[in-house]
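**Student:** My questions concern the predicted model and sequence given below.
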Amino acid sequence: MVSKTFGSAVSGVDANLITVEVNVGQGTSFFLVGLPDSAVKESQQRVESALKFYNYRMPRQKVVVNLAPADIRKEGSAYDLPIGLAILQASEQVFFPDLEKYVIMGELALDGKLRPIKGVLPIAIEARTKGFKGFILPKENAKEASIVNNLDIIGVETIQEAVKFLSGELAIEPLVTDTRDLFYHSQDYSEIDFADVQGQENIKRAMEIAAAGGHNVIMIGPPGAGKTMLAKRLPSILPALSLQEALESTKIHSVAGKLGSDSSLLARRPFRSPHHTISDVALVGGGGNPQPGEISLAHNGVLFLDELPEFKRTVLEVMRQPLEERKVTISRAKVSVDYPANFMLIASMNPCPCGYYNHPEKECVCGPGIVQRYLNKVSGPLLDRIDLHVEVTPVKFDEMTSTRKTESSESIRTRVENGRKRQEKRFKDHPDVFCNAMMPSHMVKQICQINAAGKTLLKTAMERLGLSARAYDRILKVARTIADLSDSEDIKVEHLAEAIQYRSLDREGWAG
């Protein structure tokens, strides 16, 4: 007898429907076909042990399991449950009248219990798109899948529960989540606040501009000046995620297996801070079975690279293309997947190996040429892609001990959101552009027009700093954001002047 059910294969952040067909006939062998990997092939032993635990039997006949379409590679152990249920029906041990109405996924333990799987959210979205009645999966993953409405989410703990549910012996109430209610109630802001930062008003201003326009930032300053403290507080002034952005980010974390069993929807902007020993594959994604990297996990959020020159140069160089295209494409001989990577890059670095070059009080002990070599670890093309270069100076004792209240993240965020609303209105006819930092060159020419005085100022700055065409665009984008924060329709000379000053590493003398 032939039995059929459905599973799914995740490719990138999307899922493809997989048909699981089982035929039990004359013979004695077990065949698993349809381009399975080793983990899928090993399902025979897990399925057999799980069935025996509940007094079912593995057919002592010829069993052919086909995973179609056969040209898509099947990976992982999540096909155990659909294979086990299809074998039970094909061998006529149990009859499931609605087996083909459900997408079924789950990894079996030897005692028949179900273990959680990755990529549940894109699978649930695909199941709803294809018109299935429901999705049967491990109970630990049910909360994550339940944010997809118009789909019955049936969480089960064992294969026996799945058997009883499908045969009508056990009623399981589908898990239902009000996605919008969950999203808006999860949007509590972080406990860390810019009100904790004493002094550093110029850096806070740069962070506000970066948040308002989605700009990348690099902070250069001595140890203990507060670079990391400021970077960690950036998400607290970013606009709240929209529901669409939250779903995009949740899909990526679901595929990477980064969502816990008690979480279902990311409501806060991601903040990723990888260590400087990270490999290029871990940063941008990849591997034999392609997985999203840190830049994709930071999608719609912040990627913080502390001690930037300590990262391997190859690691930093692979970020150049994703920074421009807002996505990363991972190509293999048989597969090519795209992961979104629309993130804000925040980097910090010391000005030299000892950390005290240009320090107002302490003397730098680095020898001749050492500062130049240290700064050269970060390439010019990468610095070109960073809009704001900010010098962080040590906090003075009087500021550190001051009891004066500093501005909170909430009040800064209000101004940032007002700036973003102006941009939202400006780019309403451009679905791929959400903020000033994302404007392509042709749009910069249309939107960031400056008067004669501004052109003279910018020409002087370009000649003295030796800026590239890309840096020219960056200055105009930052100036446009500063104008938005000032509720100004036009880019004025003072806006341009402030934008130009955020190019510290382009100045003469910084090379040592």
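**Tutor:** It's in. Residues are numbered from 1 along each chain as shown.
**Student:** got the residue ranges for the helices in the stretch 301-450 of the chain?
**Tutor:** 313-317, 320-325, 370-375, 380-384, 397-400, 409-426, 441-447 (DSSP state H, counting those that start in this stretch).
**Student:** could these be laid out in TSV, adding mean neighbour count and mean pLDDT?
**Tutor:** Just so you know, the C-beta spots here come from the backbone N, C-alpha and C atoms, and that holds for glycine as well. Listed next are the helices of the stretch 301-450 of the chain as TSV, based on neighbours: other C-beta atoms under 10 Å; pLDDT from 0 to 100:
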stretch	mean neighbour count	mean pLDDT
helix 313-317	15	90
helix 320-325	16	89
helix 370-375	17	84
helix 380-384	17	83
helix 397-400	11	70
helix 409-426	17	92
helix 441-447	13	87
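**Student:** Any idea which of the ones you listed gets closest to P360?
**Tutor:** Taking C-beta to C-beta, helix 397-400 is the member of the helices of the stretch 301-450 of the chain nearest to P360, at 12.7 Å.
**Student:** hmm, back to that, between the helices of the stretch 301-450 of the chain, which one is closest to S91.
**Tutor:** helix 320-325 (49.7 Å).
**Student:** CA atoms only for that closest one, dumped as CSV, please.
**Tutor:** Presented in CSV, the C-alpha positions along helix 320-325 are these (Å, rounded to 0.1, in the frame of the first residue of the first chain):
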residue,chain,number,x,y,z
ARG,A,320,31.9,45.2,2.0
GLN,A,321,29.4,43.8,-0.5
PRO,A,322,26.6,43.1,2.0
LEU,A,323,27.0,46.6,3.4
GLU,A,324,26.1,48.0,-0.1
GLU,A,325,23.5,45.4,-1.2
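**Student:** who touches it?
**Tutor:** 216, 284, 295, 328, 341, 345, 381-382, 385 (C-beta atoms under 8 Å, 6 or more residues apart in numbering).
**Student:** Next: stretch 245-263.
**Tutor:** Contacts of stretch 245-263 (C-beta under 8 Å, 6+ apart): 10, 12-13, 116, 118-122, 125, 140-141, 143-144, 147, 183, 241, 264-267, 270, 291-292, 296-297, 299-301, 339-340.
**Student:** Show me those that map onto helices.
**Tutor:** Among the contacts of stretch 245-263, the members found in helices (DSSP state H) are 120-122, 125, 140-141, 143-144, 183, 296-297.
**Student:** Just flag the most distant two among the residues you listed.
**Tutor:** Every pair of these checked by C-beta to C-beta; the farthest is E140 and S296, at 23.6 Å.
**Student:** who has more neighbours, the two?
**Tutor:** Set side by side, E140 and S296 show more neighbours around S296, with 31 against 18, by other C-beta atoms under 10 Å.
**Student:** Which residue ranges of the stretch 1-150 of the chain form helices?
**Tutor:** 38-41, 43-53, 80-90, 120-129, 139-145.
**Student:** which residues touch the fourth one?
**Tutor:** It stands for helix 120-129. Residues contacting helix 120-129 (C-beta under 8 Å, 6+ apart): 8, 10, 13-17, 103, 105, 134-135, 137, 141, 144-145, 147-151, 153, 247, 250-251, 254-255.
**Student:** again, 7 Å this time
**Tutor:** Outside helix 120-129, the residues that touch it by C-beta atoms under 7 Å, 6 or more residues apart in numbering are 8, 10, 13-15, 17, 103, 105, 135, 137, 141, 144-145, 148, 150-151, 250-251, 254-255.
**Student:** Only whichever of the residues you listed are buried, select them in ChimeraX.
**Tutor:** Listed next is the ChimeraX selection for buried residues among these, using 16 or more other C-beta atoms under 10 Å:
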select :8,10,13,14,15,17,103,105,135,137,141,144,145,148,151,250,251,254,255
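**Student:** Tell me which of the contacts of helix 120-129 fall in strands.
**Tutor:** 8, 10, 14-15, 17, 103, 135, 137 (DSSP state E).
**Student:** now those residues as a markdown table including pLDDT and distance to R413?
**Tutor:** Formatted as a markdown table, the ones in strands among the contacts of helix 120-129 follow (pLDDT from 0 to 100; distance: C-beta to C-beta, whole Å):
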| residue | pLDDT | distance to R413 |
| --- | --- | --- |
| S8 | 95 | 39 |
| V10 | 91 | 35 |
| D14 | 90 | 33 |
| A15 | 92 | 35 |
| L17 | 95 | 42 |
| V103 | 97 | 40 |
| F135 | 97 | 37 |
| L137 | 96 | 37 |
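**Student:** S409: which of those is nearest?
**Tutor:** Using C-beta to C-beta, the ones in strands among the contacts of helix 120-129 come closest to S409 at D14, 35.2 Å.
**Student:** low-confidence ranges in this structure?
**Tutor:** Applying pLDDT under 70 to the chain flags residues 185-190, 261-262, 399-401, 506-512.
**Student:** Show me how it divides into domains.
**Tutor:** 2-177, 194-506 (automatic domain parsing).
**Student:** Check the offset of the shortest one from the chain's centre.
**Tutor:** Read that as domain 2-177. Here the centre of domain 2-177 is set off from its chain's centre by 28 Å, with C-alpha atoms, centre = their mean, to the nearest Å.
**Student:** rewinding a little: could the helices of the stretch 301-450 of the chain go into CSV alongside distance to G466?
**Tutor:** Formatted as CSV, these follow (distance: least, C-beta to C-beta, whole Å):
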stretch, distance to G466
helix 313-317, 22
helix 320-325, 20
helix 370-375, 15
helix 380-384, 10
helix 397-400, 35
helix 409-426, 30
helix 441-447, 20
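**Student:** Apart from its neighbours in sequence, what residue is nearest V103?
**Tutor:** A127 (4.1 Å; C-beta to C-beta, 6 or more residues apart in numbering).
**Student:** roughly how far apart are that neighbour and E325?
**Tutor:** Distance from A127 to E325, counting by C-beta to C-beta, to the nearest Å: 30 Å.
**Student:** in the sheet, who's paired with V390?
**Tutor:** M219 (DSSP bridges).
**Student:** for the helices of the stretch 1-150 of the chain, which one sits closest to V318?
**Tutor:** Nearest of those (C-beta to C-beta): helix 120-129, 25.1 Å.
**Student:** So which bits of the closest one are buried?
**Tutor:** 120-128.
**Student:** Distance to C364 added to the residues you listed, as a markdown table?
**Tutor:** What follows is the buried residues of helix 120-129, written out as a markdown table (distance: C-beta to C-beta, whole Å):
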| residue | distance to C364 |
| --- | --- |
| V120 | 53 |
| L121 | 51 |
| P122 | 52 |
| I123 | 56 |
| A124 | 57 |
| I125 | 55 |
| E126 | 58 |
| A127 | 61 |
| R128 | 61 |
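**Student:** sorry, back to before: out of the helices of the stretch 1-150 of the chain, which comes closest to V493?
**Tutor:** V493 sits nearest to helix 120-129 of all these, at 48.9 Å, using C-beta to C-beta.
**Student:** okay, the angle between that closest one and strand 134-138?
**Tutor:** Following axes from the mean of the first three to the mean of the last three C-alpha atoms, to 10 degrees, one obtains 160 degrees for the angle between helix 120-129 and strand 134-138.
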